[in-house]
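Novice: fold the following for me, if possible:
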Amino acid sequence: MTAGSRGDVAPYTGLGHRLHRAGHEVTLVTHGRFASLVAGSGVGFHALPVDPRAELESARGRGLHRSASGAGKLIRVVELARRLVGRMTDDLLAAARDSDVLLLSASVAPLGHTIAEGLRLPSMGVYLQPLTATREFAPAVLGGGSWGGTANRAAGHGVGLAVERVFAATVPSLRSRLGLPPDRAGVARRTRERVWPVHHGFSPVVVPRPRDWRAGLEVGGYWWPYDTGTELPRAVAEFLDAGPPPVFVGLGSATVPDAGRLSAQVVAALRRAGLRGVIQRGWGGLAADGEDMLTIGEVPHALLFPRMAAVVHHAGAGTTAAGLRAGVPAVPVPVQFDAGFWSARLVGLGVAPGVVPLRRLTASALASALVRATRDPAYRERARALGTRVRGEDGAAPVVGAVDRLGGRGVSRR
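Specialist: Residues are numbered from 1 along each chain as shown. Next comes the predicted model:
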């Protein structure tokens, strides 16, 4: 069960496929617009009613761009999510009634955990970001970094309470509906924090498991999206073959205030750096014209990124992972939430020359970063070495093992 943008969904298609191959019956429960992502994977699909793209493009969604700080954006997204979570509850519950085990992303964990408790189902978290408080870094959704051990941990707990606010109006009525007693003392939340198992779908090379995390919080490696494609679209392949490796530019599911202006800045930066470009429209609506530029829709990153000289992206968890897997340098352009955290990791790992935040992006700043990323061989060498390590991990295996261990409590197998 997951909710959010494409990046909050795609990794679970690959994880679900691995569970399917291991003999489990698997259903992905998420927004209806993502149904096509499981085609051919052997994973079933149960649609949730909310359309995340429509919400981001609404007046409330566009309001996220008015907040310059991570805390401000978090407050706005909490209020936006509060309005939506109740609309998903019936479908989450219906899907759970047909299940034996619930695997829950962070975006639905409080609601899913309540459902699991009420239906007496085993459950565990499958998270794409490190969300448990730690002294080692500040909360990922606030941009990461470090404010000192005590402040890092306190901020982590504060973010956890903010997330609980999303579900504050929905969980009490759901508990009553399921015949559960009121949770006035916050026992359910503390249970999740203290003993509930959570597997994290990112590489320990990229984010080492914090030393102060309790037992049961595991970091095993990335979950790669399921993808049946083996060849690039003809127009893309022809463009790649017609010249030197280009640079990919895409912001995924992030929306932007002025797509035309941003597109012009991107094209100007690429041309100043003497580079060809592959521009992905994404939800932001980027586009470019000219023989040295190609505008594309959805193309599997696993096929496209290895052919790039570098990747410029919004530093979402999934796109960051795809770039690392491909072994190519990056120029992160963080937009919001955990993007600042992943951007800092890319710089710290030596595969990105620096961060160009969307709010401060200019053609000059982006061109300068592109020149460094593509002309200094050290970035490509480090990216190539890191890609080899990341590709050698099997992040899905620990999750499959954990689900197998839950088998004694009724997990479905064909």
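Novice: worst-scoring helix or strand of this protein, pLDDT-wise?
Specialist: helix 59-62 (a mean of 58; mean pLDDT, DSSP states H and E).
Novice: following element in sequence after the strand or helix carrying Thr295, please.
Specialist: Following DSSP states H and E, one finds Thr295 within strand 293-296. Counting by DSSP H and E, the next helix or strand C-terminal to strand 293-296 is helix 301-304.
Novice: what's that following helix in contact with?
Specialist: With contacts defined as CB atoms under 8 Å, 6 or more residues apart in numbering, helix 301-304 is touched by 224-225, 227, 229-232, 236, 248, 278, 319, 322-323, 325-326. For the C-beta atoms, the positions are set from N, CA and C on the backbone; glycine is no exception.
Novice: list the buried residues for it?
Specialist: Residues of helix 301-304 classed as buried by neighbour count (16 or more other CB atoms under 10 Å): 301, 303-304.
Novice: how does this protein divide up, domain by domain?
Specialist: Domains of the chain are assigned by automatic domain parsing as 6-223+395-409, 234-391.
Novice: ok, now which ones touch Arg194?
Specialist: Counting by CB under 8 Å, 6+ apart, Arg194 makes contact with Arg214.
Novice: please report how far it lies from Gly186.
Specialist: 12 Å (CB to CB, to the nearest Å).
Novice: and what of Leu131?
Specialist: From Leu131 over to Gly186 (counting by CB to CB), the distance is 17 Å.
Novice: the two: who's more crowded?
Specialist: Neighbours were counted for Leu131 and for Gly186 using other CB atoms under 10 Å; Leu131 has more, 21 against 11.
Novice: work out for me the element that one sits within.
Specialist: Under DSSP H and E, no helix or strand contains Leu131.
Novice: next one, pLDDT for the residue lying closest to Ala237 once chain neighbours are set aside please.
Specialist: Leaving aside its sequence neighbours, Ala237 sits nearest to Glu231 (CB to CB, 6 or more residues apart in numbering; 7.3 Å). Per-residue pLDDT puts Glu231 at 91.
Novice: does Val266 really touch Ile279, like I thought?
Specialist: Yes - contact criterion CB atoms under 8 Å: Val266 and Ile279 qualify, at 6.7 Å.
Novice: out of those two, which sits in the more crowded spot?
Specialist: Legend: neighbour count by other CB under 10 Å for Val266 and Ile279, higher for Val266 (27 against 23).
Novice: wait, which of the buried residues of helix 301-304 is closest to Leu142?
Specialist: Set against Leu142, the nearest of the buried residues of helix 301-304 by CB to CB is His301 (26.4 Å).
Novice: from Ala397, how far off is that closest one?
Specialist: Taken as CB to CB, the spacing of His301 relative to Ala397 amounts to 22 Å.
Novice: give the contact list for the residue lying closest to Leu358 once chain neighbours are set aside.
Specialist: In space, and not counting its chain neighbours, Leu358 is closest to Val335: 5.0 Å by CB to CB, 6+ apart. Neighbouring residues of Val335 by CB under 8 Å, 6+ apart: 251, 254, 256, 314-315, 358.
Novice: one more time with 7 Å
Specialist: Contacts here follow CB atoms under 7 Å, 6 or more residues apart in numbering; on that basis Val335 touches 251, 254, 314, 358.
Novice: same deal with Ala367?
Specialist: With CB under 7 Å, 6+ apart, Ala367 has these contacts: 269, 272-273.
Novice: can you do 8 Å?
Specialist: So Ala367 contacts 268-270, 272-273 (CB under 8 Å, 6+ apart).
Novice: lowest pLDDT pick from the contacts of Val335?
Specialist: Within the contacts of Val335, Ala254 has the lowest pLDDT, namely 85.
Novice: my guess is that residue is in a helix, correct?
Specialist: No - using DSSP: H, G, I helix; E, B strand; the rest coil, the secondary structure at Ala254 is coil, not a helix.
Novice: thought it was touching Gly316?
Specialist: Yes - if you go by CB under 8 Å, Ala254 and Gly316 touch, sitting 7.3 Å apart.
Novice: name the residues contacting each of these two.
Specialist: Each of Ser5 lies in contact with both Ala254 and Gly316 under the rule CB under 8 Å, 6+ apart.
Novice: how close does the closest residue to Ser343 other than its chain neighbours get to Gly323?
Specialist: Spatial nearest neighbour of Ser343, excluding adjacent residues (CB to CB, 6+ apart): Pro332 at 3.7 Å. Pro332 sits 9 Å away from Gly323, going by CB to CB.
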